[in-house]
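# one predicted model, sequence on top.
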Amino acid sequence: MTTYIEPDNLSDLLLVEVKTGWTKQRVTFAKGPAIRTGLVIAHVDGKYVPLDVAATNGAEMAVGVAGDDVDTAEADAKGMAILRGAVLANRKLLWPSDMTSVLYEVAVAQLDSRGISVISTLEI
């Protein structure tokens, strides 16, 4: 018998949405690295970019999480972001590779200040 494993979807990441149309927002992601669902993002010059803990231009401030995959290799692109009023599954978040435990705590506090709670969930 073949076993089917359902792929991840947004509800695996977004556990609670405070209000439809308020928690999630359509935004512009800047040209650059591909945006993947669950990527922690920052806001720089009116566009959203991956969180960069070594930056000094605003990209070091966590403001939300990408809610879908967006191809930004060739140009800026529209996509969905979770920017306020949410509970997110920590295991589904994508962090920078140079993230330390101290920087992680700072970023989680930044998200929390925007009403985005990051919680650990049980793996089944």
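Okay, I see it.
# buried residues in stretch 15-26, which are they?
Buried residues in stretch 15-26, counted by 16 or more other C-beta atoms under 10 Å: 17, 23-24. In this view, the C-beta of every residue, glycine as well, is placed from N, C-alpha and C.
# mind putting those into TSV with secondary structure, distance to I41 and pLDDT?
Below are those laid out as TSV (DSSP: H, G, I helix; E, B strand; the rest coil; distance: C-beta to C-beta, whole Å; pLDDT from 0 to 100):
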residue	secondary structure	distance to I41	pLDDT
E17	strand	17	93
T23	coil	15	95
K24	strand	13	96
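# which one of the residues you listed is nearest to A109?
When the buried residues of stretch 15-26 are ranked by distance to A109 (C-beta to C-beta), T23 comes first, at 19.2 Å.
# mind listing what the closest one touches?
14, 17, 82-86 (C-beta atoms under 8 Å, 6 or more residues apart in numbering).
# rerun that using 6 Å as the cut-off
Applying C-beta atoms under 6 Å, 6 or more residues apart in numbering to T23 gives the contacts 17, 85-86.
# do the same with W95
So W95 contacts V40 (C-beta under 6 Å, 6+ apart).
# likewise for A81?
25, 27, 48, 64, 66-67.
# state the mean pLDDT of the longest helix seen in the chain.
For the chain, the helix that runs over the most residues, judged by DSSP state H, is helix 101-113. Throughout helix 101-113, pLDDT has a mean value of 97.
# chain neighbours aside, what residue packs nearest to G32?
Closest residue in space to G32, ignoring its immediate chain neighbours: T72 at 5.6 Å, by C-beta to C-beta, 6 or more residues apart in numbering.
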